[in-house]
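Undergrad: Structure of the sequence below:
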Amino acid sequence: MFTSEIELEDALATPRPELVADLAESSGDIVILGAGGKMGPSLSRLARNALDQAGRSSDIVYAVSRFSNQEARSGLEEKGVTTVPFDLLSDDDFAALPDAQNVVFMVGAKFGAATNASWAWAVNAALPDRVARRYRDSAITAMSTGNVYPFVSPASGGSVETDAPAPVGEYAMSCLGRERVFEFAALTRATPVSVVRLNYAIDLRYGVLADIASTVLAGEPVSLTTGTANVVWQGYANEVVLRSMRHASESVFTVNLTGPEQLSVRAVAQRFGELFDREVQFDGTEAPTALLNNAGRCFELFGYPSVPAGTLVEWQADWLSRGLPTSGKPTKWAVRDGRF
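TA: Numbers count the residues shown, from 1 in each chain. You can find the predicted model right below:
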């Protein structure tokens with residue numbers, strides 16, 4: 001359990017031995033583009049801590065973001081991360097970005113994509129081309145999403161990396177566009193690329209569990225239409241992203257990133273009801289399909305998450321019971337028409 005954001009941030013930034021061992025076998029600075037987002041700050045700190053433990057203190061972690069939150073920027077600098085204020089969408093001089101052997105691309109536009117589709121395409125599909133050209137001689141690890149897959153039956157076990165994409169809505173289509181642009185860079189310029197398709201990171205301040213738990217706590221009905229979901233501890237997600245850097249290749253390494261459990265939304269809500277001592281209300285009935293990833297390849301390569309879903313549920317309930325901060329930004333994980 002955590003009693004403060006500081007404790008949570010420290011946990012997210014604590015590397016496991018496997019990550020340290022991986023980084024000890026590689027070299028070079030790391031540029032994290034979009035480091036001011038939800039995952040970026042903790043991933044930047046994790047990279048710095050892991051490099052230090054791997055004996056690579058001289059290698060630099062660059063966190064690139066607009067950094068509208070100066071407190072977040074200062075916090076990273078205090079932890080040894082080099083921050084670079086830069087607006088990737090508006091600034092034209094990409095030559096001003098730092099050189100690095102490894103690049104993590106975390107920039108993405110999701111919420112608002114339904115009403116401003118051109119913006120979503122500019123961020124998710126056009127920007128990657130500029131980044132790929134700037135870092136043509138670097139290894140690029142690109143964050144993507146399970147939204148590029150179709151909705152599937154829980155009985156299927158979830159979509160695997162070899163399944164044909166079938167994105168629903170402009171956001172998901174633009175995310176597939178991002179993958180294709182980086183794939184083009186790999187095929188035409190021999191840029192090593194890895195693609196990480198994430199379904200859904202749990203940070204306690206936001207995420208699927210925070211959304212369900214907040215609904216239960218507020219006494220509001222929990223929607224059951226999307227009745228099954230994947231989640232994963234963000235500390236593990238950060239680790240997999242960094243370890244995927246070593247797998248970047250000209251043939252494009254692709255891996256699904258989520259937890260091993262398929263969670264029943266009904267069962268999770270009922271568990272929150274027990275933990276909060278609240279009666280749970282439901283709305284609708286479970287549809288036969290959901291957006292589900294099978295992360296078997298991830299587990300084979302990187303091991304299983306250190307925190308199981310049942311523990312995440314208990315941590316989430318405790319976090320909200322303590323009145324600790326939340327982002328106020330719902331994930332909209334239950335959206336089925338692709339409009340975010």
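Undergrad: Kindly provide the distance from the closest residue to residue 249 other than its chain neighbours to residue 53.
TA: Once flanking residues are discounted, residue 249 sits nearest to residue 192: 5.3 Å by Cβ to Cβ, 6 or more residues apart in numbering. C-betas here are computed from N, CA, C, even on glycine. From residue 192 across to residue 53, the span is 25 Å (Cβ to Cβ, to the nearest Å).
Undergrad: The two: which has the busier surroundings?
TA: Legend: neighbour count by other Cβ atoms under 10 Å for residue 192 and residue 53, higher for residue 192 (21 against 17).
Undergrad: Show the average pLDDT along the longest helix anywhere in the chain.
TA: Scanning the chain for the longest helix, with DSSP state H as the assignment, gives helix 169-189. Across helix 169-189, pLDDT averages out at 96.
Undergrad: what's in contact with it?
TA: Contact partners of helix 169-189, identified using Cβ atoms under 8 Å, 6 or more residues apart in numbering, comprise 105, 108-110, 113-114, 117, 120-121, 123-125, 128-129, 132-133, 136, 140, 142, 144-145, 147-148, 165, 167, 191-193, 195, 249-252, 254, 337-340.
Undergrad: Next: stretch 5-15.
TA: Residues from elsewhere that reach stretch 5-15 (Cβ under 8 Å, 6+ apart): 2, 41-42, 45-46, 48-50, 53, 79, 203-205, 234-235, 238-239, 324-325.
Undergrad: helix, strand or coil for the spatially closest residue to residue 330 that is not a sequence neighbour?
TA: Leaving aside its sequence neighbours, residue 330 sits nearest to residue 211 (Cβ to Cβ, 6+ apart; 5.3 Å). With DSSP: H, G, I helix; E, B strand; the rest coil as the basis, residue 211 sits in helix.
Undergrad: Could I have the buried ones of the contacts of helix 169-189 as PyMOL selection syntax?
TA: Filtering these down to the buried ones (16 or more other Cβ atoms under 10 Å) takes a single PyMOL command:
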select buried, resi 105+108+109+110+113+114+117+120+121+123+124+125+128+132+140+142+144+145+147+148+165+167+191+192+193+195+252+254+340
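Undergrad: from the contacts of helix 169-189, which ones fall inside helices?
TA: 117, 120, 121, 128, 129, 132, 133.
Undergrad: Just give me the closest of the residues you listed to residue 220.
TA: residue 120 (28.9 Å; Cβ to Cβ).
Undergrad: Was I right to think the closest one contacts residue 126?
TA: No - assessed by Cβ atoms under 8 Å, residue 120 is found out of contact with residue 126, at 10.1 Å.
Undergrad: coming back round to it: buried sites along the longest helix of the chain?
TA: 169-179, 181-186.
Undergrad: ok, now which ones touch the residue of the chain positioned farthest from its centre?
TA: Largest separation from the mean C-alpha position in the chain: residue 279, at 31.9 Å (Cα atoms, centre = their mean). Contacts for residue 279 (Cβ under 8 Å, 6+ apart) come out as 219, 273.
Undergrad: Check it and give its pLDDT.
TA: For residue 279, pLDDT reads 95.
Undergrad: Check residue 112 too.
TA: Listed pLDDT for residue 112 reads 69.
Undergrad: Then residue 22?
TA: Reported pLDDT for residue 22: 96.
Undergrad: nearest spatial neighbour of it, skipping sequence neighbours?
TA: Nearest one to residue 22, counting by Cβ to Cβ, 6+ apart, is residue 243 at 5.0 Å.
Undergrad: So which elements touch the helix or strand hosting that neighbour?
TA: Counting by DSSP states H and E, the element that carries residue 243 is helix 234-244. Applying 3 or more Cβ pairs under 8 Å, 6 or more residues apart in numbering; DSSP states H and E, we find helix 234-244 packed against helix 5-12, helix 17-24, helix 40-53, strand 139-145, strand 193-198, strand 201-202, strand 253-257, helix 296-302.
Undergrad: would a markdown table of these with distance to residue 265 be doable?
TA: Shown next, in a markdown table, are the helices and strands packed on helix 234-244 (distance: least, Cβ to Cβ, whole Å):
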| stretch | distance to residue 265 |
| --- | --- |
| helix 5-12 | 24 |
| helix 17-24 | 31 |
| helix 40-53 | 26 |
| strand 139-145 | 19 |
| strand 193-198 | 19 |
| strand 201-202 | 14 |
| strand 253-257 | 20 |
| helix 296-302 | 23 |
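Undergrad: who wins for proximity to residue 229 among the ones you listed?
TA: That would be, of these and by Cβ to Cβ, strand 201-202, which comes in at 10.7 Å.
Undergrad: Show me what the closest one packs onto, helices and strands only.
TA: Using 3+ Cβ pairs under 8 Å, 6+ apart: strand 201-202 touches helix 208-217, strand 232-233, helix 234-244.
Undergrad: try 10 Å this time
TA: Applying 3 or more Cβ pairs under 10 Å, 6 or more residues apart in numbering; DSSP states H and E, we find strand 201-202 packed against helix 208-217, strand 232-233, helix 234-244, helix 309-321.
Undergrad: Does residue 283 touch residue 265 like I think?
TA: No - the criterion here is Cβ atoms under 10 Å, and residue 283 misses it with residue 265 at 11.0 Å.
Undergrad: Common neighbours of these two, please.
TA: Residues touching both residue 283 and residue 265 (Cβ atoms under 10 Å, 6 or more residues apart in numbering) are 222, 223, 224, 225.
Undergrad: Fine by me, thanks again.
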